[in-house]
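*Asks:* Return a 3D structure for these sequence lines:
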Amino acid sequence: MTWVKRVLVKTHRRIRPWFFEQDGGWYVQCRYGARVIAADGTNNAVFVKSLDEVAAVLDAFLNAAAAGELDAAITEWQSVGLHSNPGLPKLQQMPDVQCSIIAALNDQARQTFKECRVVITQGVQALGDVDATIATGTTV
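*Replies:* Presented below is the predicted three-dimensional model:
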């Protein structure tokens, strides 16, 4: 069995600014992670005339978050999830026939380890004779 050594690699991450210049002024967006949320429920940005006013809007977002005023917008975004992006296809429910076949194959693989790929971590390997368990197809 071959083990892969994990190595920490430092990379540069692109940080998106919360504000940008457009239409003769500056738009400031409220973000939750990488996603823009509608702080007031409808608009996704606040428009200000000068760059000096951007800091005041960011302070207002900070105070609103500390006071819990953005909780509703964040909860709404989380409940909508990935479906909020109109460019993504809508998820469809798989037919029950395919689900039952997949469930049966998953059960067979989990119980016998046959016709599947088994990946074992070092921690599981340290628990005991995993190679014999895989060879006999019996689970503990």
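
*Asks:* helix or strand right after the longest helix anywhere in the chain?
*Replies:* If you go by DSSP state H, the chain has its longest helix at helix 96-112. Scanning forward in sequence from helix 96-112 by DSSP states H and E, the next helix or strand is helix 122-127.

*Asks:* rewinding a little: so which bits of the longest helix of the chain are buried?
*Replies:* Counting neighbours by 16 or more other C-beta atoms under 10 Å, one finds that helix 96-112 has no buried residues. For glycine as for every other residue, the C-beta is placed from the backbone atoms N, C-alpha and C.

*Asks:* count of neighbours near Lys49?
*Replies:* 9 (other C-beta atoms under 10 Å).

*Asks:* give me every residue that touches Ala72.
*Replies:* Gly41 (C-beta atoms under 8 Å, 6 or more residues apart in numbering).

*Asks:* Please tell me the pLDDT value assigned to it.
*Replies:* If you check Ala72, the pLDDT there is 80.
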